[in-house]
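**Student:** Just the structure for this:
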Amino acid sequence: MTSDSAAHPRHHLADQLTHPVRFSLVAALAATDEIEFAAVRDHLQVSDSVLSRQASALEEAGIVRIRKGYVGKRPRTWFSLTAQGRRTWDAHLAALREIAGS
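**Tutor:** The predicted structure follows:
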């Protein structure tokens, strides 16, 4: 590789999104403003603990916002993408498309 050639698009992939559950969670969030925990868990077909662990990792990375509240007396958790998370998702998808040649 010469010094003037462009970097391979894999260098633009977000490391935080290489895990299948994190990738799937962010993909689901990219399609909406906010999703309730149980709906995401059922959609991704994962356990509560797996979803919680992966969502927390994405929150630490600044990609996902976790909001807790109540519906009546029942506790609920909602997920949404941060502005940084949306930019990260868009860049990750663009890199994947470039790698795939489309």
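**Student:** Could you report the pLDDT at the most centrally placed residue in the chain?
**Tutor:** Of all residues in the chain, the one closest to the mean position by CA atoms, centre = their mean is residue 26, 2.4 Å from it. We have a pLDDT of 98 for residue 26.
**Student:** Give me the contact list for the helix or strand hosting it.
**Tutor:** According to DSSP states H and E, residue 26 maps onto helix 20-30. Under the contact criterion CB atoms under 8 Å, 6 or more residues apart in numbering, helix 20-30 has outside partners 16-17, 35, 40, 43-44, 46, 50-51, 54-55, 57-58, 63-64, 79-81, 85-86, 88-89. Yep, even glycine has a C-beta here, placed from its N, CA and C like the rest.
**Student:** So how do I select the buried members of the residues you listed in PyMOL?
**Tutor:** Of the contacts of helix 20-30, the buried ones can be selected in PyMOL as follows, counting by 16 or more other CB atoms under 10 Å:
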select buried, resi 16+17+35+40+44+46+51+54+55+57+58+63+64+79+81+85+88+89
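**Student:** In strands only, show me the contacts of helix 20-30.
**Tutor:** 35, 64, 79-81 (DSSP state E).
**Student:** Report the buried residues of whichever helix in the chain runs longest.
**Tutor:** The single longest helix within the chain, with elements called by DSSP state H, is helix 83-100. Neighbour counts using 16+ other CB under 10 Å place 85, 88-89, 92-93, 95-96 of helix 83-100 among the buried residues.
**Student:** Repeat that for stretch 62-79.
**Tutor:** Buried residues in stretch 62-79, counted by 16+ other CB under 10 Å: 63-65, 77-79.
**Student:** Distance from the chain centre to the helix holding residue 26, please.
**Tutor:** 4 Å (CA atoms, centre = their mean, to the nearest Å).
**Student:** buried stuff in that helix?
**Tutor:** Result for helix 20-30 [16+ other CB under 10 Å]: buried residues 21-26, 28-29.
**Student:** low pLDDT regions in this protein?
**Tutor:** The chain contains residues with pLDDT under 70 at 1-5, 102.
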